[in-house]
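**Q** sharing a model prediction with you, sequence too.
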Amino acid sequence: MQERVKEMLQQNELFRALPEEVIKEILTTSTVTTYPKHHFVIHEREQENHLFFLLEGMAKSIILTDEGEEITVRFYHPGELAGLINTLAEDTSRFSVQTMEDSCFLIIKKSLFNRLVHDYAPFAEQLTHDISKRLQHMYRTLALESSAYHHGFETYPYRKKVGELMETAIISLPPGALAVEAASTMLREQVSSVLIMEDDTLCGIVTERDLIALLPKYEIIASLAVDSIMSQDVITVPESAYFYEAMLAMMKHQVKHLPVLSHGKVTGIVTLKKLTDFRSHSVLGIVEDMDAASTIEQLAEQHKKVIAFIDRMTSEGAAAHEICSIITEFNDRILRRIIELSERAMIAEGRGAPPTDYCWITMGSEGRKEQTLSTDQDNGIIYPDIDDEAHHAEVDDYFATLAEKIVAGLEACGFPRCKGNVMATNSKWRKSLSDWKRMVNAWFSHMQGEEIRMFTIFLDFRPVYGQTELAHELRRYFLTRKKEFPFIYNLLAEDDAACSVPLGMFGRIIYDKKIKDGIDIKGGALVHFVNAMRVLSIFEGIEAVSTLERLEQLAERRVFTREEEDEIKDSFNTLLHFRICEHMKQVKQKRPLSNELHVANLPKEEQLRLKKALYTAKWLQQKLIRQFQVQGIRI
């Protein structure tokens, strides 16, 4: 036992800096203790904190905020040191370390640790580096979590991390094990899957579904090895991922088991049943029903379920960008199924299958993955170049008919047609790749008024169905050509400046003349975040489309500091939160969906949060005005 502990200490980067005799001293003066699952190894109220070197099991570091909210800061695995910041603190620590399963620790006395810091410079230097990294990670985590708290969100369940939800007992078999052994293991352990691992490396996964599929081959089951029936492309998540990210992964890939990784190693598994226990409301059931729908009417019924699901997410405290991610995934699935049904209808009517490859793109908020419940259609079709003019006319006529079926299907499922006619039914938004490129060039050559609005909608396009390379080629073409037209930044910034943020002198919120005691939450507030991230991303050559993805990449390029990034993200989420909640009220009251936010009806605290977000919007607008030298605008 002592040799194993010694080896683990020497593999830790901090203790590696110590000489052999000091490692021996640590071993002889420290104690090995085992704690049960959910035990507080370190509690925030304790005065004397030693160091806890994890030998077996798993633990987590948590902090209790002033508001009484518990936040998980990080997870500990064998070979890692817990309680480092606690030990160095002079006063009572506000951190706790709790076991997540039965765990064994080497307890190193605080007095010895302090002496090592004093006597060994390399040890102290490495310690400083370790603490710096831990504090940086901690502050980012707390910034994210506190942002959620200030929106009135609870941590359960959507703010929970996968590491807190997963099963830490890893049931595995080697690749050469027999399929019957996998079946007996599942029965014995009462699990629905077995991981296939070799030397701690994940090779695949075998689920109940895989075994059921073998039943018709009963005569050869006894001789089959698990590596011949396992799924090799295993979908995994990191233990730091949030509940909604695991749920989203299951939706995207239609799987019910997600191995959880830390530094490339499997540390546990999270299942659909586990997420369902944490109120996921059978999300995969909705997905499966969508994919199985054979009529537009059946899909429309699924859209009603989506609205009910989003209502539950909202009431249970999911963050706004999380809700938008789920809405996007549901809506993309509905769209793809409508396209498949529309293609079948074309065949049934004698028009045949599509005459060539094509790509269906979405634009605007749908393209940015920022859909709320009030999302009209912004879409288009890209198809390859066709040299023969007569054949080109036939192809376009086919796609015009197909587009009408798809747009009508979307409308039947609750997505209203675009009032500005930005849809694939309009020949302006249904073109060959070369014609799309010519339209981009035309925009560059002559852009004013309504054309600028059309251009900004286009800039947020995203492929959803078909030959996606067509869309990627169009994006690359735009980013190449835009270098020759530097004036576009000034035009786009000027377009944003033309719509002022509804803030007056002394921070008074200015109500929209068309809205009683309120503002247009989209056109008066959210649009400025979208515009700023779009213009700055184009300037930097960033291909990302969603506002928060653009923000993240802009921060990586130091266009914004990390503090500014957090502030922008927090304010953007605040506005999205108001918009989603307002839409849910309108749905329940059976009122038409709109972007009206009646500020006078908000509690004082929420009015202050709204005002803070509007100040951030104003700052972003001023940044564009200064950077791109918009004339005639007072800032």
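**A** Received, thanks. Numbering: from 1, shown residues only.
**Q** so where's the stretch 151-300 of the chain uncertain?
**A** Within the stretch 151-300 of the chain, the stretches with pLDDT under 70 are 151-159, 218-219, 276-284.
**Q** the strands in it, which residues?
**A** Using DSSP state E, counting those that start in this stretch, the strands found in the stretch 151-300 of the chain span residues 172-173, 193-198, 201-207, 237-238, 257-262, 265-271.
**Q** redo those strands as JSON lines? Include mean neighbour count and distance to residue 597.
**A** In short, each C-beta sits where N, CA and C put it, glycine included. Output for these, formatted as JSON lines (neighbours: other CB atoms under 10 Å; distance: least, CB to CB, whole Å):
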{"stretch": "strand 172-173", "mean neighbour count": "20", "distance to residue 597": "52"}
{"stretch": "strand 193-198", "mean neighbour count": "21", "distance to residue 597": "46"}
{"stretch": "strand 201-207", "mean neighbour count": "19", "distance to residue 597": "46"}
{"stretch": "strand 237-238", "mean neighbour count": "19", "distance to residue 597": "35"}
{"stretch": "strand 257-262", "mean neighbour count": "22", "distance to residue 597": "37"}
{"stretch": "strand 265-271", "mean neighbour count": "21", "distance to residue 597": "37"}
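**Q** among those, which is nearest residue 477?
**A** Proximity of those to residue 477 was assessed by CB to CB; the nearest stretch is strand 237-238, lying at 35.1 Å.
**Q** right, so of the strands of the stretch 151-300 of the chain, which gets closest to residue 224?
**A** Using CB to CB as the criterion, the shortest distance between residue 224 and these is 10.6 Å, found for strand 201-207.
**Q** burial count for residue 273?
**A** Counted with other CB atoms under 10 Å, residues neighbouring residue 273 total 11.
**Q** for it, give its distance to residue 578.
**A** Applying CB to CB, to the nearest Å, the value for residue 273 to residue 578 is 35 Å.
**Q** equivalent analysis for residue 193, please.
**A** Taken as CB to CB, the spacing of residue 193 relative to residue 578 amounts to 41 Å.
**Q** and what of residue 619?
**A** Distance from residue 619 to residue 578, counting by CB to CB: 19 Å.
**Q** okay, these two: which has more neighbours?
**A** The neighbour count for residue 619 versus residue 578, taken as other CB under 10 Å, is higher for residue 578 (24 against 17).
**Q** helix, strand, or coil at the more buried one?
**A** Under DSSP: H, G, I helix; E, B strand; the rest coil, the three-state class of residue 578 is helix.
**Q** residue contacts, it?
**A** If a contact means CB atoms under 8 Å, 6 or more residues apart in numbering, then residue 578 has 521, 597, 606, 610 as its contacts.
**Q** residue 520 now?
**A** 512, 514, 595-597.
**Q** most neighbours, which of those?
**A** Within the contacts of residue 520, most neighbours by other CB under 10 Å means residue 597, with 23 neighbours.
**Q** how near is the residue nearest to that one when sequence neighbours are not counted to residue 507?
**A** Nearest non-adjacent residue to residue 597, counting by CB to CB, 6 or more residues apart in numbering: residue 521, 4.2 Å away. Summarising the geometry, the distance separating residue 521 from residue 507, computed by CB to CB, is 18 Å.
**Q** residue 456 now?
**A** With the distance defined as CB to CB, residue 456 ends up 28 Å from residue 507.
**Q** who has more neighbours, those two?
**A** Set residue 456 next to residue 507 and count neighbours by other CB under 10 Å: residue 456 wins out with 19 against 12.
**Q** dump the strands of the stretch 151-300 of the chain into JSON lines; add distance to residue 220 as well.
**A** As requested, those are arranged in JSON lines below (distance: least, CB to CB, whole Å):
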{"stretch": "strand 172-173", "distance to residue 220": "19"}
{"stretch": "strand 193-198", "distance to residue 220": "19"}
{"stretch": "strand 201-207", "distance to residue 220": "16"}
{"stretch": "strand 237-238", "distance to residue 220": "34"}
{"stretch": "strand 257-262", "distance to residue 220": "25"}
{"stretch": "strand 265-271", "distance to residue 220": "29"}
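**Q** tell me which of those lies nearest to residue 40.
**A** Distances from residue 40 to each of the strands of the stretch 151-300 of the chain were compared by CB to CB, and the smallest falls on strand 265-271, at 20.7 Å.
**Q** what's that closest one in contact with?
**A** Taking CB under 8 Å, 6+ apart as the criterion, the residues outside strand 265-271 that touch it are 58, 75, 77, 162-163, 165-170, 192-193, 195, 197, 200, 202, 237, 239, 246, 256-261.
**Q** now do 6 Å
**A** Residues outside strand 265-271 that contact it (CB atoms under 6 Å, 6 or more residues apart in numbering) are 162, 165-168, 170, 202, 239, 246, 257-260.
**Q** who wins for proximity to residue 49 among the strands of the stretch 151-300 of the chain?
**A** When those are ranked by distance to residue 49, counting by CB to CB, first place goes to strand 257-262 at 24.4 Å.
**Q** good, wrapping up.
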